[in-house]
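J.: generate coordinates for the sequence data below:
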Amino acid sequence: MSLLTRGTLSEKLRWVFNLYDLNGDGFISRDELTNVVVAVHALLGTHTLPTLLDNTARNHVQRIFKKMDLDNDGRIGVEDFTEACLADPKIKASMCGLFDSTML
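T.: The predicted model follows:
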């Protein structure tokens, strides 16, 4: 928990990356990302907008891979993930605020 409140942005990004890297091999595959996207939508329930359809998860994963798979090798490494997050002002701002110690 200390890392989330006091860690650097790079440390926080690595922590988030590890949440998506389900098998711990150092890469996020399309299947892993799809599993996380579907699980998050299931956790939020059926009353969220937009409602998750089968193709919605696939489309979301496809958009993420297009943005984050910088070397187009079909998987997202921690370097790809960190670089893409730091280059996107919206992601960077949300990461900075996500683990604000006043929220915990």
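J.: okay, CA-based contacts and neighbour counts for the rest of this
T.: Noted.
J.: got the end-to-end distance for stretch 21-40?
T.: This stretch, stretch 21-40, spans 15 Å end to end (Cα to Cα, to the nearest Å).
J.: just the pLDDT for residue 6.
T.: With respect to pLDDT, residue 6 has a value of 71.
J.: what about it, neighbour count?
T.: 13 (other Cα atoms under 10 Å).
J.: if I look at residue 83, how far off is residue 89?
T.: 12 Å.
J.: might one say that residue 70 is in contact with residue 78?
T.: No. Here residue 70 does not reach residue 78: they are 11.0 Å apart, not a contact under Cα atoms under 8 Å.
J.: which residues are contacting whichever strand or helix holds residue 38?
T.: In this assignment (DSSP states H and E), residue 38 forms part of helix 30-44. Under the criterion Cα atoms under 8 Å, 6 or more residues apart in numbering, residues 20-22, 48, 52, 57-58, 61, 65, 74-75 lie in contact with helix 30-44.
J.: all strands for the chain, in order.
T.: Applying DSSP state E to the chain gives strands spanning 27-28, 76-77.
J.: turn these into TSV, columns for mean neighbour count, mean pLDDT and distance to residue 8.
T.: Below are the strands of the chain laid out as TSV (neighbours: other Cα atoms under 10 Å; pLDDT from 0 to 100; distance: least, Cα to Cα, whole Å):
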stretch	mean neighbour count	mean pLDDT	distance to residue 8
strand 27-28	23	97	21
strand 76-77	24	96	19
